[in-house]
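Participant: sequence first, predicted coordinates after that:
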Amino acid sequence: MTYNVFIDGAAGTTGLEIAERLSGRSEFALITLDEARRKDATARREALNSADFVILCLPDDAAREAVAMIDNDRTRVIDASTAHRVAPGWIYGFPEVSGHDAVAEAMRVSNPGCYSTGFIALIAPLVRAGLLPADWPYICHAVSGYSGGGKALIERFESDSDIAWRGYALQLGHKHVPEMQARCGLTIAPLFSPAVVAAHRGMVVEVPLHLAAMSGAGSPDALRDALAKFYAGSPVVVMGEPPADGEMLLRASSKGSDLLELFLFGDADGSQARLVARLDNLGKGASGACVQNLNIMAGLPETAGLQL
Ligand SMILES: NC(=O)C1=CN([C@@H]2O[C@H](COP(=O)(O)OP(=O)(O)OC[C@H]3O[C@@H](n4cnc5c(N)ncnc54)[C@H](OP(=O)(O)O)[C@@H]3O)[C@@H](O)[C@H]2O)C=CC1
Ligand SMILES: CC(=O)N[C@@H](CCC(=O)OP(=O)(O)O)C(=O)O
């Protein structure tokens, strides 16, 4: 069986990476639009309706418009944008947390945000296990490679090599906060502080915890064991090897990866911990996750075409 796949936004950062992961795979045939027609509404409507699977790699408004153009009940959609991540009728495309069966059967899948992937991977299983409270004001710090901001941010960083660090969303209310809160079942929106560093790709997401002040929280060992148990058997989400030298580096030259590595560092008396997720914003943070979801929806091995 060969499935027709249309990547709407195929010339963008996420779209190009998905096409790369699908290239050479006989299970999929890509529907492509040339440069002159890739934003043409008629051509897009035709492509959207002739595909078995559509992957939207578009800004939010264009993603909503694309979904509205689909007028058949056969085409299945994976949306990489923020548009549908807490929308009714959409399955959240994080199979390890939402359930593989839910993704496998879905007509509409919303791919998680890159930062949200790290935060949810760390917090959702621990809240579900009762080892962390749902009613706690969590704080999350993160850094991303500049490709996380798409073509515009890549152009900005590559034309100004003097930017070493860019803090943003300083007025709070980053667009990933609603999905972080909803998918972890938190009663209070987390405070999220993202930044961009002078690396093309890569991401570190950290949630520092005052365990001693949190009623009912587990010990660092209990949290680590619970995460390891939750993701046991996952080929994509793994417990990272704790660094022997006590430091973690994000290298500007790092190659792409579709792995998501989780770490838990605790202090000697167990009163404080740092939960850390390391991933590639373009891997499990975007394109790798899209391909993993596509594999699952098509009934194929979930890691086919992934770089692990
Ligand atoms: N980059 C990342 O790490 C991640 C990105 N995402 C999300 O994925 C989506 C795509 O992001 P990204 O690839 O980074 O962004 P880019 O800006 O790199 O690419 C977006 C592409 O969409 C095209 N486009 C814009 N409007 C239309 C339209 N109306 N019809 C057809 N094509 C259109 C753009 O065209 P043109 O080339 O002419 O500008 C561009 O090629 C966004 O919603 C983003 O938030 C999600 C997770 C991580
Ligand atoms: C560095 C950077 O700018 N990152 C993007 C998020 C990338 C991502 O996850 O994309 P979605 O738009 O699909 O959520 C941002 O903070 O807006």
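Facilitator: That came through fine. Ligands and ions are numbered 1, 2, ... in the order given.
Participant: using CSV, write out every CA atom in the longest helix seen in the chain.
Facilitator: Longest helix in the chain by number of residues, with DSSP state H as the criterion: helix 114-128. Below are the C-alpha coordinates for helix 114-128, written out as CSV (Å, rounded to 0.1, in the frame of the first residue of the first chain):
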residue,chain,number,x,y,z
CYS,A,114,8.6,21.8,20.8
TYR,A,115,8.9,23.2,24.3
SER,A,116,5.6,21.6,25.3
THR,A,117,7.0,18.2,24.3
GLY,A,118,9.8,18.6,26.9
PHE,A,119,7.5,20.0,29.6
ILE,A,120,4.7,17.5,29.2
ALA,A,121,7.1,14.5,28.9
LEU,A,122,8.5,15.4,32.3
ILE,A,123,5.4,16.5,34.2
ALA,A,124,2.4,14.6,32.9
PRO,A,125,3.5,11.1,34.0
LEU,A,126,4.5,12.3,37.5
VAL,A,127,1.2,14.2,38.0
ARG,A,128,-0.7,11.1,36.8
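Participant: give me the helices and strands touching that helix, please.
Facilitator: Here helix 114-128 touches helix 95-98, strand 139-145, helix 177-184, strand 191-197, strand 203-209, helix 220-230, strand 260-266, strand 273-279, going by 3 or more CB pairs under 8 Å, 6 or more residues apart in numbering; DSSP states H and E. Just so you know, the C-beta spots here come from the backbone N, C-alpha and C atoms, and that holds for glycine as well.
Participant: leaving out chain neighbours, which residue sits closest to residue 278?
Facilitator: With CB to CB, 6 or more residues apart in numbering as the criterion, residue 278 has its nearest non-adjacent residue at 4.7 Å, and that residue is residue 261.
Participant: so which of the helices and strands packed on helix 114-128 gets nearest ligand 1?
Facilitator: Smallest distance to ligand 1 across those (CB to the nearest ligand atom): 7.3 Å, for strand 139-145.
Participant: related to what we said a few turns ago, okay, the angle between the longest helix of the chain and strand 191-197?
Facilitator: 140 degrees (axes from the mean of the first three to the mean of the last three CA atoms, to 10 degrees).
Participant: just to revisit the earlier point, same list (the helices and strands packed on helix 114-128) but as a markdown table, adding mean neighbour count, distance to ligand 1 and mean pLDDT.
Facilitator: Output for the helices and strands packed on helix 114-128, formatted as a markdown table (neighbours: other CB atoms under 10 Å; distance: least, CB to the nearest ligand atom, whole Å; pLDDT from 0 to 100):
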| stretch | mean neighbour count | distance to ligand 1 | mean pLDDT |
| --- | --- | --- | --- |
| helix 95-98 | 22 | 16 | 98 |
| strand 139-145 | 22 | 7 | 98 |
| helix 177-184 | 20 | 11 | 98 |
| strand 191-197 | 19 | 11 | 98 |
| strand 203-209 | 22 | 8 | 98 |
| helix 220-230 | 18 | 23 | 97 |
| strand 260-266 | 21 | 13 | 97 |
| strand 273-279 | 23 | 10 | 98 |
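Participant: and those as CSV, adding distance to ligand 2?
Facilitator: Shown next, in CSV, are those (distance: least, CB to the nearest ligand atom, whole Å):
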stretch, distance to ligand 2
helix 95-98, 16
strand 139-145, 4
helix 177-184, 8
strand 191-197, 5
strand 203-209, 9
helix 220-230, 22
strand 260-266, 14
strand 273-279, 11
